[in-house]
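Enquirer: test case, fold it:
(chains A, B, C and D)
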There are 2 protein chains.
Amino acid sequence: MEVDKGLRHILLYGLVMAGLILGLKWLQWNFLIVENAIDLYIGMIAAIFTVLGVWIASQLIQPKTHTVVVEKEIIVHQPKTFVLNQAALESLQLTKREYEILQLIVQGYNNADIANNLFLSLSTIKTHVSNLYSKMNVKNRYKAISLAKKMEIVA
Amino acid sequence: MEVDKGLRHILLYGLVMAGLILGLKWLQWNFLIVENAIDLYIGMIAAIFTVLGVWIASQLIQPKTHTVVVEKEIIVHQPKTFVLNQAALESLQLTKREYEILQLIVQGYNNADIANNLFLSLSTIKTHVSNLYSKMNVKNRYKAISLAKKMEIVA
DNA sequence: AGAAAATCGGTACCAAAGTATGAAGTTATT
DNA sequence: AATAACTTCATACTTTGGTACCGATTTTCT
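Expert: Numbering: from 1, shown residues only, chains lettered A, B, ... in the order given. Got it, this is the predicted structure:
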């Protein structure tokens, strides 16, 4: 494509040149150019070839490419990957055990299961859970679960 | 800026022209151009002004801008819009009341709240809830909530 | 070393959740 | 009209969850 265009231009230029030379020859022999009229003749040639040069340049100048970046939104129905909200977790001032138990509560374990899981007595779990609720300012596991998820402190 | 540049070019062009004319005059009077050498002379002028034309054009012609649009993909995480899984819901064979109560349970209501909400007695709610759990094959509300959400039968 | 916090455990008590069973009225469906 | 399913309510009971105390270690921090 580019090469074809270049070739076409070169051929066109050659033909225009040939035509002009012939035209000039004709002018030269038929109009008995006087010595004093040589300036006018040269001026004509200068003007014609200037215009030719302008035309050539206009053909050869490459267009500037202007890149426009358009943002295309891709909506993905994908669960947000869990990122622990460290600040929120610290704001609750939970102990390690309390946080550990909270995570088990979120997973749906009951107190007895948690006790067995951690090799602790049921009373201990109850104590921890109760303290946990106090710190979270909730009154039952369901509220604790919702809050913990909303605060992004559990997966 | 644009105007200044245009003016500069016009002045430059004038000066170049003046210089060329002087040069040509000098060539004309000092080299005793023979009649037969007129073709060479004209050729020179043609070439010089062609180049001049190209130069002028290259300076003045604004390159055409070719706009290229590039799409940049941006992933947007959007919470899944709830779509009821009708088939899953029907597979449980819940009654209207049971499903209604399930929805309230998912929203975190306790049995007493549900009773007040539906203007029913606590015993009635307990009965419905118990039957509901039997059909869902779970033993408490937390499991019922997780299952209902997993089955996509509640928002 | 001493104080404070965290951990573990217990008892007692109450509230809520859940099960089992029965009964009576209503609504569909054949 | 008869049957089945649904709805409502009640009683009695068991389990689980939650609170309020308490005491005894262990760990952490100053």
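Enquirer: how about the residue in chain A that DNA strand C sits nearest to, phi and psi?
Expert: Of all residues in chain A, A:T95 sits closest to DNA strand C, at 2.5 Å by CB to the nearest atom of the strand. Quick note: C-beta positions are derived from backbone N, CA and C, even for glycine. Note on A:T95: its backbone torsions stand at phi -80, psi 170 [degrees, to the nearest 10].
Enquirer: likewise for A:S121?
Expert: phi -80, psi 160.
Enquirer: mind listing what's buried along stretch A:122-142?
Expert: Applying a neighbour-count criterion of 16 or more other CB atoms under 10 Å in any protein chain shown, one finds A:125, A:128-129, A:132-133, A:136, A:138, A:141-142 buried in stretch A:122-142.
Enquirer: out of those, who's near DNA strand D?
Expert: Contacts with DNA strand D within those, as defined by CB under 7 Å from any atom of the strand: A:129, A:133, A:141.
Enquirer: now do the last one against chain B, distance only.
Expert: Spelled out, it's A:R141. Going from A:R141 to chain B by CB to the nearest CB, to the nearest Å gives 7 Å.
Enquirer: right, and that residue touches A:I105 too?
Expert: Yes: counting by CB atoms under 8 Å, A:R141 touches A:I105, with 5.2 Å between them.
Enquirer: mind listing the shared neighbours of these two?
Expert: Shared contacts of A:R141 and A:I105 (CB atoms under 8 Å, 6 or more residues apart in numbering or on different chains): A:V129.
Enquirer: that older thread, and of the ones next to DNA strand D among the buried residues of stretch A:122-142, the nearest to A:M44?
Expert: Distance to A:M44 across these (CB to CB) is lowest for A:R141, with 100.5 Å.
Enquirer: chain A: helices as residue ranges?
Expert: Secondary structure of chain A (DSSP state H): helices located at A:2-30, A:38-60, A:86-92, A:96-106, A:111-118, A:122-136, A:141-150.
Enquirer: what's the last one packed up against?
Expert: Okay, so that is helix A:141-150. Secondary-structure packing of helix A:141-150 (3 or more CB pairs under 8 Å, 6 or more residues apart in numbering or on different chains; DSSP states H and E): helix A:96-106, helix A:122-136, helix B:141-150.
Enquirer: residues of chain A that sit close to DNA strand C?
Expert: With the criterion set to CB under 7 Å from any atom of the strand, chain A comes near DNA strand C through A:93, A:95-98, A:118, A:120-124, A:126-128.
Enquirer: any idea which of those is closest to A:H77?
Expert: A:E98 (34.5 Å).
Enquirer: I'd like to know how many residues surround that closest one.
Expert: 19 (other CB atoms under 10 Å in any protein chain shown).
Enquirer: quick check: it vs chain B, distance?
Expert: The spacing between A:E98 and chain B, counted by CB to the nearest CB, is 19 Å.
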